[in-house]
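Q: Sequence and computational prediction follow.
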Amino acid sequence: MLPDKVYEALRWLVAVFMPALGVFFATLAEAWHWNLPTEAILTTLSAVELFLGAIFGISKVVYDRKENPEKDL
């Protein structure tokens, strides 16, 4: 089990920081005409975000069920 502060920090990274980073990168790449595979980079970042978000979501449901087994989630 992760300590609460570590879990919350990782959740924030996945839910807030990574999407913001993707938008920031795409905006700068467009504005500065960077010769990078921007679409591939954003697709990869989005796939990582989705994967980690799903893992965190599943972990949260399992944890909540263990903490409150009588509660129907």
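A: Sure thing, it's come through.
Q: CA atoms for contacts and neighbours, from now on please.
A: Noted.
Q: if I look at the residue nearest the centre of the chain, how far off is Lys60?
A: For the chain, Val14 is the residue whose C-alpha lies nearest the centre (C-alpha atoms, centre = their mean; 2.3 Å). From Val14 over to Lys60 the distance is 14 Å, taken as C-alpha to C-alpha, to the nearest Å.
Q: coming back round to it: what's the closest non-adjacent residue to the residue nearest to the centre of the chain?
A: Excluding the flanking residues, the one nearest Val14 by C-alpha to C-alpha, 6 or more residues apart in numbering is Glu49, at 5.9 Å.
Q: now that neighbour, what's its secondary structure?
A: helix (DSSP: H, G, I helix; E, B strand; the rest coil).
Q: so who does it touch?
A: The contact partners of Glu49, taken as C-alpha atoms under 8 Å, 6 or more residues apart in numbering, are Val14, Ala15, Met18, Pro19.
Q: hmm, try it at 10 Å
A: Applying C-alpha atoms under 10 Å, 6 or more residues apart in numbering to Glu49 gives the contacts Leu13, Val14, Ala15, Val16, Phe17, Met18, Pro19, Thr43, Ile55.
Q: Neighbour-wise, give me the winner out of the residues you listed.
A: Using other C-alpha atoms under 10 Å as the neighbour test, the contacts of Glu49 are led by Val14, with 19 neighbours.
Q: Spell out the secondary structure type for that one.
A: The three-state label given to Val14 by three-state DSSP is helix.
Q: Equivalent analysis for Glu70, please.
A: coil.
Q: So for it, what's the pLDDT?
A: Per-residue confidence (pLDDT) for Glu70: 78.
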